[in-house]
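# Sequence first, then the predicted structure:
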Amino acid sequence: MPDTKNQLDWEKIKKFTARVSNDIGGAMLGAMSYIGDRLGIFKTLAESGPLTSAELAAKTGLSERYLREWLSAMTAAEYVAYDPAEKRFSMPPEHAMVLAREESPFFMGGFIHGIIPNLSMTPKVMEAFRTGKGVPQSEYPPETFESMERSTAGMYRNQLVKHWLPAMPHVVKVLEEGGSALDVGCGSGRCAITLAQAFPKARISGYDAHPGSIQRARDNARAAGVADRVSFEVVDCTRLPPSTFDFISTFDVVHDSVDPVGLLRSIRRALKPGGSYLMVEVNVSARLEDNINTLGRMMYSMSTLYCMSVSLGGGGAGIGACMGEEKARELAREAGFSRFERLPVQDIFSVLYELRP
């Protein structure tokens, strides 16, 4: 074995050691952030002035000793501000927009919520590394789907009707006039509910193969007061009824589907003449070298733990979250779509494609 000791760049080793240490700290901080989100500590800090750990304990009913250690971790990570003279902790309002304000377009609490349920699947995903078979969606805990609902809620609340659909004025017109829309892979129903609220004359449906998500969608529709104008059903979306809908949408569904080409063929057949399909996917490149960044790191990891694994778990294609525009176009061609357009919408996380038969 060659002696490489004198060939090593020790400064690079030290720099990479620091990077790995930072990533380990980030992984541990993910658990701390999950605690802050799920126990409402972030929201309490955001709603209150500067607090000591004892004052925070009194407000939350939680253990002061645990809160003191948690606050120290959050301060070290610069999530929380600390006044050493007063020994009080506070949350900057800008941080609250990300950590505590559910209505904010920058809110990341849903992604934080998903950290622990996704990590809890690691042993099963490790076994899939050996077998290549993946992990079926049915084996993921309910909290996985609750976190997905929260992580996408802002997209529907802040982007869909205000910024995204205006890029498809013909779709807006048909929905305003009472057309029909279907959200495929609807999850907890937030897209369909948003459409029902924005277009009271339209007929809105949501289909998903996951029974637990459909039940949540029905509950959410009742809570939103639109249960009489939106319907949710457990459906194999590779077998949609033909020529039924003016508008069909998928949001981060195609890349983790078991049969993406079959799904797109079904969507094409289900569109009425002149209908449009909106495919929303992750705003990344198909080229690994273009994704060596923060979003790429997050999405490849999430894909390994969920997206790719779920598809393979159903005996599917296992495309993964970072399929990029090139793959989207390839799937559309195979499914028989004649028109494929990337819409002129700028978004950090999402890219929008309009497909027509």
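Ah, there it is.

# Give the other helices and strands that the helix or strand containing Glu69 contacts.
Assigned by DSSP states H and E, Glu69 falls within helix 64-76. Under the contact definition 3 or more C-beta pairs under 8 Å, 6 or more residues apart in numbering; DSSP states H and E, helix 64-76 sits against helix 10-38, helix 53-60, strand 81-83, strand 88-90. All C-beta spots, glycine's among them, are computed from the backbone N, C-alpha and C.

# among the ones you listed, which is the most enclosed?
Mean neighbour count (mean count of other C-beta atoms under 10 Å) peaks for strand 88-90 among these, with a mean of 20.

# Return the distance of that strand from the chain's centre.
Centroid separation between strand 88-90 and its chain, computed with C-alpha atoms, centre = their mean, to the nearest Å, is 31 Å.

# Just list what that strand packs against, helices and strands only.
Counting contacts by 3+ C-beta pairs under 8 Å, 6+ apart, strand 88-90 is packed against helix 53-60, helix 64-76, strand 81-83.

# The stretch 51-200 of the chain: helices as residue ranges?
According to DSSP state H, counting those that start in this stretch, the stretch 51-200 of the chain carries its helices in the segments 53-60, 64-76, 93-99, 109-113, 115-119, 122-131, 142-155, 169-176, 190-198.

# what's the last one in contact with?
Counting contacts by C-beta atoms under 8 Å, 6 or more residues apart in numbering, the residues outside helix 190-198 that touch it are 149, 152-153, 156-157, 160-161, 175, 181, 183, 186, 202, 204-206, 217, 220-221, 224, 226, 229-230, 232, 249, 251.

# quick one: average pLDDT of that helix?
Confidence over helix 190-198, taken as the mean pLDDT, stands at 97.

# Once you drop chain neighbours, what's closest to Thr304?
The spatial neighbour of Thr304 that comes closest, neighbours along the chain excluded (C-beta to C-beta, 6 or more residues apart in numbering), is Val125 at 6.7 Å.

# do the same with Gly179
Closest residue in space to Gly179, ignoring its immediate chain neighbours: Asp246 at 3.8 Å, by C-beta to C-beta, 6+ apart.

# for that neighbour, helix, strand, or coil?
Taken by DSSP: H, G, I helix; E, B strand; the rest coil, the conformation at Asp246 corresponds to strand.

# Val172 is in contact with that one, correct?
No. Under the criterion of C-beta atoms under 8 Å, Asp246 is not in contact with Val172, lying 11.2 Å apart.

# Neighbour count for the two, which is higher?
Higher neighbour count among Asp246 and Val172: Asp246, with 23 against 17, using other C-beta atoms under 10 Å.

# Let me see the contact set for the more buried one.
Contacts for Asp246 were tallied using C-beta under 8 Å, 6+ apart; they are 171, 174-175, 179-181, 271-272, 274-276.

# Tally up the residues packed near the residue nearest to Thr304, please.
For Val125, using other C-beta under 10 Å, the count is 18.

# give me the element Lys272 is part of.
Mapping Lys272 onto the secondary structure by DSSP H and E places it in strand 271-282.

# helix or strand right after that strand?
Secondary structure here is assigned by DSSP H and E; on that basis, the next helix or strand after strand 271-282 toward the C-terminus is helix 294-302.

# For that next one, name the packing helices and strands.
With contacts taken as 3+ C-beta pairs under 8 Å, 6+ apart, helix 294-302 sits against no other helix or strand.

# distance between it and the chain's centre?
Averaging C-alpha coordinates over helix 294-302 and over its chain gives two centres that are 12 Å apart (C-alpha atoms, centre = their mean).

# after that helix, next one along is what?
Heading C-terminal from helix 294-302 (DSSP H and E), you reach helix 308-313.

# Report the angle between the next helix or strand after that following helix and strand 271-282.
Taking DSSP H and E as the definition, the helix or strand that follows helix 308-313 towards the C-terminus is helix 324-335. Compare the direction of helix 324-335 with that of strand 271-282 by axes from the mean of the first three to the mean of the last three C-alpha atoms, to 10 degrees and you get 150 degrees.

# Which positions in helix 324-335 come out as buried?
Burial within helix 324-335, assessed by neighbour count using 16 or more other C-beta atoms under 10 Å, is assigned to 324-325, 327-328, 331-332, 335.

# what's the helix or strand following it packed up against?
Counting by DSSP H and E, the next helix or strand C-terminal to helix 324-335 is strand 339-342. Taking 3+ C-beta pairs under 8 Å, 6+ apart as the contact definition, the neighbouring helices and strands of strand 339-342 are helix 324-335, strand 350-356.

# now what about stretch 108-126, what contacts it?
With C-beta under 8 Å, 6+ apart, stretch 108-126 has contacts from 30-31, 33-34, 36-38, 42, 98-100, 102, 135, 139-141, 143-144, 146-154, 302, 304-306, 309.

# Likewise for stretch 68-85?
Contacting residues not belonging to stretch 68-85 are listed as 25, 28-29, 32-33, 35-36, 41, 45, 50, 53, 56, 88-92, 95, 99 [C-beta under 8 Å, 6+ apart].

# could I get that stretch in PDB with only the CA atoms?
In PDB, the C-alpha atoms belonging to stretch 68-85 read as follows (Å, rounded to 0.1, in the frame of the first residue of the first chain):
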ATOM      1  CA  ARG A  68     -32.400  25.700  29.700                       C
ATOM      2  CA  GLU A  69     -30.400  23.100  27.800                       C
ATOM      3  CA  TRP A  70     -32.600  23.400  24.700                       C
ATOM      4  CA  LEU A  71     -32.300  27.200  24.700                       C
ATOM      5  CA  SER A  72     -28.500  26.900  25.000                       C
ATOM      6  CA  ALA A  73     -28.500  24.700  21.900                       C
ATOM      7  CA  MET A  74     -30.700  27.100  20.000                       C
ATOM      8  CA  THR A  75     -28.500  30.000  21.100                       C
ATOM      9  CA  ALA A  76     -25.400  28.300  20.000                       C
ATOM     10  CA  ALA A  77     -27.000  27.700  16.600                       C
ATOM     11  CA  GLU A  78     -28.100  31.300  16.400                       C
ATOM     12  CA  TYR A  79     -31.800  30.400  16.100                       C
ATOM     13  CA  VAL A  80     -32.500  32.200  19.400                       C
ATOM     14  CA  ALA A  81     -31.000  35.500  20.600                       C
ATOM     15  CA  TYR A  82     -29.500  35.700  24.100                       C
ATOM     16  CA  ASP A  83     -28.900  38.600  26.500                       C
ATOM     17  CA  PRO A  84     -26.100  37.400  28.900                       C
ATOM     18  CA  ALA A  85     -26.600  40.300  31.300                       C
END
